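Engineer: Give me a 3D structure for the following:
(chains A, B and C)
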Amino acid sequence: MTHISVKVDGTTYEDDVEPRLLLVHYLRDRLGLTGTPIGCDTSNCGACTVELDGVSVKSCSVLAVQADGGEVTTVEGLAQDGELSALQRAFHEKHALQCGYCTPGMLMAARDLLREHPHPTSEEIRHALEGNLCRCTGYQNIVRAVQAASEQEVPA
Amino acid sequence: MTDQAVEGEVGRARPRKEDARLITGQTNWTDNISVNGLLHLAILRSPMAHARIERIDVSPALERPGVIAAFSGGDLADGLGSLPCAWPVTEDIVLPDHPAVAVDEVRYAGDPVAVVVARDRYTAADALEAIEVDYEPLPPVLDLEAALTEDSPLVHSDKGTNRCYVWPLKTGEDFDSVRQRAEITLKRRYHQQRLIPNAMEPRAVVVTPLAASGEYTLYSATQIPHIVRVMMALVTGIPEHKLRVVAPDVGGGFGSKLQVYGEEAVALAVARKTGRPMKWTESRSEGYLATHHGRGMIQDVEIAANRDGKLLGLKVDLLADMGAYLMLVTPGIPILGAFMYPAIYKMDSYDFTCTGVFTTRTPTDAYRGAGRPEATFAIERIVDDLAAELGLDPMEVRRRNWIRHEEFPYTSVAGLTYDSGNYEAATEKALALFDYDKLRAEQADRNHRGDTVRLGIGVSTYTEMCGLAPSRVLRDLRYAAGGWEAASIRMLPTGKVEVVTGTSPHGQGHVTSWSQIAADVLGVPFEDVEVVHGDTRLVPQGMDTYGSRSLVVGGTAVHHAAQKVVDKARKVAAHLLEASENDLEFTNGVFSVKGSPDARKTIQEIAFETFSSHNLPDGMEPSINAEHLLDPDNFSYPHGTHLCAVEVDTETGQTHIRSYVCVDDVGKVVNPMIVEGQVHGGIAQGIAQALYEEAVYDDEGNLVSGTMADYLVPSAPDLPDFVTERTETPATSNPLGVKGVGEAGTIASTPAVVNAIVDALRPLGVQDVRMPCTPERVWRAVKEARS
Amino acid sequence: MIPPAFDYARPASVDEAVRVLADAGEEAKVLAGGQSLLPLLRLRLAFPELVVDVGRIPGLRGVREDGNTLVIGAMTTHHDVIHDPLVRRHAGLLASATATVADPAVRHRGTLGGSLAHADPAGDLPAVVLALDGELVAQGPRGRRTLPARDFFVDYLQSALEPDELLVEVRVPKADGWGFHYEKFHQVAQSWATVGVAVLVRRDDGHIAEARVGLTNMGSTPLRASETEDALSGAGDAAAVTRAAEAAAEGTRPSQDVSASPEYREHLARVLTRRAVLAAAGMG
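Structural biologist: Just a heads-up that it's a prediction; the model follows:
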């Protein structure tokens, strides 16, 4: 067991964990933060994407011990004081989700893109989302949503 | 997407009610469920395609700390019946026994052989490695044609054959005589590769038992909680009234969760044995073996025509890969397609035969479109080939043969009565959006220059059957259940509304669409409607969600149930307003007396009146709630025209989709935004079949494309923007005029893309490219044509 | 799926890491960014007894100049390589090829050193570093040693690193003024390169004076297309480049897998080499 301290969505947690524990299982099974889902075992699907120390990562491909001392933001931490982020609003308004399973990862990947490129072209959006699979939408409305959000969002 | 100004809710592009939770992570996927004392179940699976289990010892797993129980197939056999097949398509179908956990023989790589139960998922995964199994390898059965020969090894040796069934459909004039009088006949063989559905949420099951009372709740990532309940009662012997099945949030299905799975039975059986709550969640690579596959067919197609392009008849000989076992509707999938091969075309003769074949691979079953994409592909490909053979424009051949709009209702040669349609209008609109003539000119120019990058234009004019299904038709097709759907409406005392639906959405947005339907009929605000679904305790009756049936059957049932509420409310209103029912008008939720507009009662007021019941008409039950069970009279028939332009790099074989235009006619539309989303996603999956995806097996029967790293699900940069438009020819079979849209895009797009690729390469002598049209396959096709 | 159990060490220095590795022998695995190792662990294709996490060792991250050489810390992430001004100025090939690796989230964690030490011939960066004539610096109990890239990649997933050695630096000669291009061919955006071609050309008076061509996924290690390199010297037009590229698959032994046959890979190597050279030389 290894002792870790991780700040997740604003709350600091300290735990003893097995070194092999995946960050995503730590979030889901230990902290009960089930907003971040798991979609594959090869880091292809991106459903588990979260922010670790300010950048997007696939939480199925990070050990919880690697996040020790770090700061994690999940989809559950995006809305501030009940106010949806511009991306969340745009996903809703542009119908960028159907089953919603890929949505947390898509939101986190899109947020990462807008931080680096506040005004991306649709081509840039598609490339920035290449590590996130969606089986429902055909991606078109996701691209529209990110574009719509980029017109509103003040980059953090 | 056009969104004309609409008066009511139906037709309005409402952002979805479902989204609020999904965009904030407040979800309830089955794997999210946690209860005290929850144990984790893991399944050991066969690493071989075909083998005898010589010895199995689960006891080493039991010695590990944290392992509560371990079972072999034999240990579980007592309490579990064979997994069900509900669609034995012929009287003499070969129906093998299908244990949830194999007992003495494994028949596909991934067939379960043992189960462990441990305190957490990590311990359970470790414990699997301690189980000892000795396998005696048996020969795999992989080739559909070789499997039918006398000397083939057998998947089920006790059955004496790999031939599961032969299902014929011969209609109209005898095909041989049509062939005789035809001026031209073409024969083609098309391959429908195996596909892995890849719903983004892997499957998961949670069982919570109440041992003392023998009650069980089964949570499952399923499309069909109601069917699962019936089937699990039969398989496990748990009385149906003691079994509650819940489909929590379900992350996509595409047919892969239209299934009654062994893991559901195993989790129930193990929960019964241990008295403990149980969770099983598949990993993606496990799901690639354990969750059913789709497609997997060889299609021998012959078309007979005259030289002016007039079609005379069609012959289809199908070999369909069942995989190792028959699951819920495995044998019926090609039969759903059987009626669709003649598609939108008039012809005199149709001769169809499907032979189901067992192989040592993961069972096949429904995948988005289920039989209809395969049928549409074959007919749309061969009509294109015919056009090329005759030197005619592919669209022109279609025009000369399709059912004209004034000819509806029209009974196709396969015996379906298409109630409505307008192929001319959809096609005209699509051609204009696509700029067809300009692209043809560019194509000719590139061909003339000998450009290494060729342009191809692919046409696909499809129709499909949705709205499964009239129960009597299902009876005639030997399907075990009916095709009705249930809805009920509860008007609450405060005027709010609960719609209880038997459909079980997993991404389709039924909560939003059903709210729109109910709000319109009841005259209540959209926001005042909640939709309850996916729980057999809350929704006593239902036939669930698949086959583009939900809106056509379930949505229409909501409409009828709401209408019944209004009818009952009218009686109360008449009583309260001391008027005759005939003198009442009902507009926007308000009953008023004709001629005296001040005499009015809102439906919400009436809801409260029925709650208090202080002043109801004599003899009236104190409720305006209503239920409606709808068994449709006919299927519905969406149609459309899809056009795809591709650029094919003849040096590398790579295909780039340059533009994609479709005009679909799905009848009246409840929510255009949701419809557009369904079309987008459907096209994406159809393109994926055309270009990228295939479940590849090696000669030993191992799944080579066994992870998402090798099975190529396209991501955003791999797909183009789609131009989607609609025409609106209402269905006549339901009062909403709706037809269904869930599968249309998938059905239409695959042949559009492949036709485009072949169209690009035809000047080089290429006649066909097998799917998926990978760069190497395209390159080889060009190379072989040139040599 | 779920990784097998392992012990975990998080050394604070390279010396400590080397000591830990030496003590563990063959059964240890170095964890850099984890983007190759974690999927292997999750699929239970690797069963290390000890995972040595070098992610927090100071000094292994970042880029500096050393005369005419660029020195890139092994733990520099792909993301940082792509955006580093020194890399962009002096080794543009590396920056542009790194931008094609996986996806943004993976590039935030994955490291240059990790990719090279993993020695996957289908990975993009081994062929790039080979084309750059890079050198790899390893530290072990016997001190540091510097290996030319051509000696570093030994076989499929096998580098010249000893079990007790840690890759600490990647050194690439500055390629100022060289034209470059990485031509990656893959079936979908996510998939590995079916074949990739990394090209550097030095032009002189409208001709190609010198060319270096690295090949991804054309054998059990990354390769140089040396016949093509020789034939390119002096090439002054597209026809000459085309002729030279015809030799790109000479001496390669590409594999057969689910995405392509050897014959097709050889064909791709020729086509992509031509395209990459033309692009790098500005002749396209």
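Engineer: how is the chain carved up into domains?
Structural biologist: As the question left the chain open, I've gone with chain A. Domain assignment for chain A, taken from automatic domain parsing, gives A:2-77, A:86-150.
Engineer: oops, I was thinking of chain B
Structural biologist: Listed by automatic domain parsing, the domain ranges of chain B are B:33-138+B:200-252+B:257-290, B:294-468+B:634-786, B:484-630.
Engineer: now do the same end-to-end measure for the first one.
Structural biologist: To tie it back to what came earlier, the one meant is domain B:33-138+B:200-252+B:257-290. 22 Å (C-alpha to C-alpha, to the nearest Å).
Engineer: OK, now which residue of chain B is nearest to chain A?
Structural biologist: Proximity of chain B to chain A (C-beta to the nearest C-beta) peaks at B:Gly25, 2.1 Å away. For glycine as for every other residue, the C-beta is placed from the backbone atoms N, C-alpha and C.
Engineer: what's around that residue, how many residues?
Structural biologist: Using other C-beta atoms under 10 Å in any protein chain shown, B:Gly25 is surrounded by 23 other residues.
Engineer: I'd guess it is in a strand, am I close?
Structural biologist: No - looking at B:Gly25 with DSSP: H, G, I helix; E, B strand; the rest coil, it is coil, so not inside a strand.
Engineer: could you list every residue that touches the closest residue to it other than its chain neighbours?
Structural biologist: In space, and not counting its chain neighbours, B:Gly25 is closest to A:Gly35: 2.1 Å by C-beta to C-beta, 6 or more residues apart in numbering or on different chains. The neighbourhood of A:Gly35, defined by C-beta atoms under 8 Å, 6 or more residues apart in numbering or on different chains, consists of A:Thr74, A:Val75, A:Glu76, A:Pro104, B:Thr24, B:Gly25, B:Gln26, B:Thr27.
Engineer: wait, B:Ile23 sits on A:Lys94?
Structural biologist: No - with contact taken as C-beta atoms under 8 Å, B:Ile23 and A:Lys94 are classed as non-touching, separated by 11.5 Å.
Engineer: Show me which of those two is the more surrounded one.
Structural biologist: Neighbours per residue (other C-beta under 10 Å) separate B:Ile23 from A:Lys94, with B:Ile23 holding more: 28 against 22.
Engineer: For that one, give me its contacts.
Structural biologist: For B:Ile23, the contact set (C-beta under 8 Å, 6+ apart) comprises A:Val75, A:Leu84, A:Gln88, A:Phe91, A:His92, A:Leu97, A:Gly100, A:Thr103, A:Leu107.
Engineer: Switch those residues over to a markdown table; also include distance to C:His181.
Structural biologist: Listed next are these as a markdown table, based on distance: C-beta to C-beta, whole Å:
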| residue | distance to C:His181 |
| --- | --- |
| A:Val75 | 39 |
| A:Leu84 | 43 |
| A:Gln88 | 40 |
| A:Phe91 | 37 |
| A:His92 | 42 |
| A:Leu97 | 38 |
| A:Gly100 | 41 |
| A:Thr103 | 37 |
| A:Leu107 | 35 |
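Engineer: Quick one, which of the residues you listed are buried?
Structural biologist: Listed as buried from the contacts of B:Ile23 are A:Val75, A:Leu84, A:Gln88, A:Phe91, A:His92, A:Leu97, A:Gly100, A:Thr103, A:Leu107; burial here means 16 or more other C-beta atoms under 10 Å in any protein chain shown.
Engineer: At which residues are the helices of the stretch 1-150 of chain B located?
Structural biologist: Using DSSP state H, counting those that start in this stretch, the helices of the stretch 1-150 of chain B run over B:19-22, B:59-62, B:73-77, B:121-128.
Engineer: near chain C at all, the second one?
Structural biologist: No - using C-beta under 8 Å from any C-beta of the partner chain, helix B:59-62 stays clear of chain C, with a minimum separation of 15.0 Å.
Engineer: Now do the nearest residue to C:Met283 once chain neighbours are set aside against chain A, distance only.
Structural biologist: The shortest distance from C:Met283 to any non-neighbouring residue, by C-beta to C-beta, 6+ apart, is to C:Ala238 (5.6 Å). Relative to chain A, C:Ala238 is positioned 28 Å away (C-beta to the nearest C-beta, to the nearest Å).
Engineer: Spell out which parts of the stretch 551-700 of chain B neighbour chain A.
Structural biologist: In this structure, the stretch 551-700 of chain B approaches chain A at residues B:Met673, B:Ile674, B:Glu676, B:Gly677, B:Gln678, B:His680, B:Gly681, B:Gly682, B:Ile683, B:Ala684, B:Gln685, judged by C-beta under 8 Å from any C-beta.
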